[in-house]
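>>> Got a predicted structure here, sequence first:
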Amino acid sequence: MEKMVNVYLFGKKYSVPAGLTIMTAMEYAGYELVRGCGCRNGFCGACATIYRIKGQQQLNACLACQTEVQEGMYVATLPFFPLVKQVYNIEEIKPTEQVMMQLYPEIYACIGCNACTKACTQELNVMQYIAYAQRGEYEKCAEESFDCVMCGVCSSRCPAGISHPQVAMLARRLNGKYLAPGCGHLADRVKEINDGTFEELIENLMQKPLDEIKELYNNREIEK
Amino acid sequence: MYKIDKLNELAEIVAAKRAENAELEPRRMTAEEKDTLLAAFHPDYKQDEFTVLSAGVNKGGKVPSQLAELLQGKSRIKAEDVDLSAPDYDTDVLIIGGGGAGASAAIEADEAGVKAMIVTKLRIGDANTMMAEGGIQAADKPNDSPAIHYIDAFGGGHFAAKPELVKNLVTKAPSAIQWLNNLGVEFDKEPDGTMVTTHGGGTSRKRMHAAKDYSGAEIMRTLRDEVLNRGIPVIDFTAAVEIILDENGKAAGAVLMNMETKELLVARAKTVIIATGGAGRLHYQGFPTSNHYGATADGLILGYRVGAGLLYADTLQYHPTGTGYPEQIFGALVTEKVRSLGAKLVNIDGEVFMHPLETRDVTAASIIRECTERGKGVETALGKAVWLDTPMIEYKHGEGTIEKRIPAMMRMFGKYGIDIRKEPILVYPTLHYQNGGLNISADCSTDVENLYAAGEVAGGIHGRNRLMGNSLLDVIVFGRDAGKNAAAKAKETAVPEKLTLEHIEKFSKELEESGVASETVSPMLLPHYARKSK
């Protein structure tokens, strides 16, 4: 006999096999998911979920697809959270301290409660990356926030109304476009291609009889 | 630590041989060895898993049986269910699908100055692009060239790809990387700006660009942010259920369905791009999948019903390293980058049984052989698997490499008590990619005028097997091209006057006459995972 555990989906009790994730437990219970289900592999942030274990004080947050059910788990999914995303033109903004002040001034109202960090489903140091954003240290903000899946749980817990994932998104784009070093060999290659450097070589490959191209492929030198 | 003692014991055997195995440079297979291996062990060669189509453009061709049932299935609607005379949406370019290809197409169409609109059955970014871990290929290093990339891709796909598509893929790769970088995508770089690149299976140069092991996520979230910044309308939780044609048989829009209320809506457009992605959730041959929840082959059905042909729809990619254990993440992707960084594939006796960077089809077949004919797999509650010796990465490159280069993998297994820095992991092939799809020309057009396709739904770019890193590349290159070309075509196209859904009845009649009409309703839209009541 399979070991079963009791979980409470939106307060209603279901008995499900131990070892299921919250997501597969919902499906076991009979839910046909439309919202709150995405990549099912921990990358998309669609299945943000909050839960509390019966008898415990602490409120926990997780991704439903990456979390095993436990006995006495009270579960509420958070399939959508109204984050604020400001619109900007990436070509026109610059990586200055002012840009955060203009687009996301609420980050300066952070009271340092650290609820965002405690809630993060990816175990990121969210409050720290907001601090970096406040100081215009976008490279650090980008690095600290890199694994963010934008599930929005942090923002749901924030008394200052900060949309942390969107702040981090802006910081990463600023860093990727303006602050990270440019790539010389990439620019060179794009120019060579635009100049038609490889055109004849490739046209030639395209015309080759099957035997010849097989020969080329099977005997090609492979970089160590 | 594994929760099962036996697995910890077996992992010890791998650990004991690690130093010795790390030194090995396993021989690569010859072309003949590969052919024999594939014919005997690759799932694409299991004839009884395929069905010959009895209707439509590809009548007489074979496709996986689950796909045949949908292609020859029933429409979700009848023509009279919708009022085509009063469209709910009017746009120049209608993009179906909100993944990497759809978002790239939308940005380029917008850039070209036409009205673009995205419809997606889930949210923008809910796509396989988001889950691509390992990286994106581009021949931009001095020791590399688009011509070498061409040979790798064409040969890796068994010389079956359309040469003009491979040419586009490889020659537009560096500019695709540059475009992404200019949008703010954070590629892994050296302090001087040199791209950090590695090998993928079947590459002859190190041209895999990455953003840790969140490569696709980093690209997708940036594209999404850009779509939103540009104010391009995104109609989410709305699926396309039929393509609409005009009186001349050209694509002219789509019937949409709200996924929650089931309300039907009509979108009229001058050109339509299908960018709906793959089909992993059809679980061909009972395989688990690394794919997104929405990967149900919808675009193939939509296109096929209005007369767009398929190419290589009978070839699928089984990623060699799906998670074999634990059950909660069974079938989830273990990025090829793990092997690019030096981890080797090892059997139950601790033997390295192959070169870890053969192409994916060959590697998958080799793992299946190890677990079946050779009986050298590790038994788990879920079936057989082989070891992927992840601690070998840090043995070779030093402590900290795993956290820095593949943090998502470390996190995924860490949640189940397995520290991939210290313990090897168990892997087995998982359904990963649709190599074929809607047949496209060099300009991304399908057999139906004004109907384009880009991304995983399109066929012909990768032939019969795709290399790692050529899919993220394909969604960007062909997504952008489809957006540009569909926009240019829209500029010279008048607003379609008469919209029709006559194809539904016509195709249904053809099915009836062929005697294979199934009661299955398609497109599928979402897999059916809810347990039916007892």
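It's in.

>>> How is chain A divided into domains?
Domain assignment for chain A, taken from automatic domain parsing, gives A:4-77, A:97-179, A:193-218.

>>> So is the shortest one next to chain B?
Yes - with C-beta under 8 Å from any C-beta of the partner chain as the criterion, chain B is reached by domain A:193-218 at A:Ile193, A:Phe198, A:Leu201, A:Ile202, A:Leu205, A:Met206, A:Leu210, A:Ile213, A:Lys214, A:Leu216, A:Tyr217, A:Asn218. Bear in mind the C-beta positions are built from the backbone N, C-alpha and C, glycine included.

>>> returning to that earlier point: need the domains of chain A in TSV (columns: mean pLDDT).
Shown next, in TSV, are those (pLDDT from 0 to 100):
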stretch	mean pLDDT
domain A:4-77	96
domain A:97-179	97
domain A:193-218	97
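
>>> Could you dump those into CSV with mean neighbour count added?
Listed next are these as CSV, based on neighbours: other C-beta atoms under 10 Å in any protein chain shown:
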stretch, mean neighbour count
domain A:4-77, 19
domain A:97-179, 20
domain A:193-218, 14
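
>>> Check B:Lys3 and give its pLDDT.
You'll see B:Lys3 listed with a pLDDT of 89.

>>> no wait, B:Gly60
97.

>>> Determine the number of other residues adjacent to it.
By the criterion of other C-beta atoms under 10 Å in any protein chain shown, B:Gly60 has 8 neighbours.

>>> got a list of what it touches?
Going by C-beta atoms under 8 Å, 6 or more residues apart in numbering or on different chains, B:Gly60 touches B:Val52, B:Leu53.

>>> same deal with B:Ile367?
Taking C-beta under 8 Å, 6+ apart as the test, what B:Ile367 contacts is B:Pro320, B:Leu345, B:Val386, B:Val427, B:Tyr428, B:Pro429.

>>> Chain A: which of those is nearest?
B:Val427 (14.7 Å; C-beta to the nearest C-beta).

>>> Give the burial count for that closest one, as a bare number.
Neighbourhood size, B:Val427 [other C-beta under 10 Å]: 25.

>>> B:Glu263 too?
Neighbours around B:Glu263, by other C-beta under 10 Å: 11.

>>> confidence score at it?
pLDDT for B:Glu263: 98.

>>> Ramachandran angles for A:Asn60?
Torsion angles at A:Asn60 (phi, psi; degrees, to the nearest 10) stand at phi -110, psi 160.

>>> do you know how far it is from chain B?
Counting by C-beta to the nearest C-beta, to the nearest Å, the gap from A:Asn60 to chain B is 13 Å.

>>> A:Gln70 is in contact with that residue, correct?
No - using C-beta atoms under 8 Å as the test, A:Asn60 is too far from A:Gln70 to be in contact (9.9 Å).

>>> Show me whatever sits in contact with both of these two.
With C-beta under 8 Å, 6+ apart as the test, A:Asn60 and A:Gln70 both reach A:Ile53.

>>> Kindly reformat the domains of chain A as JSON lines and extend each row with distance to B:Gln285.
Below are the domains of chain A laid out as JSON lines (distance: least, C-beta to C-beta, whole Å):
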{"stretch": "domain A:4-77", "distance to B:Gln285": "20"}
{"stretch": "domain A:97-179", "distance to B:Gln285": "31"}
{"stretch": "domain A:193-218", "distance to B:Gln285": "29"}
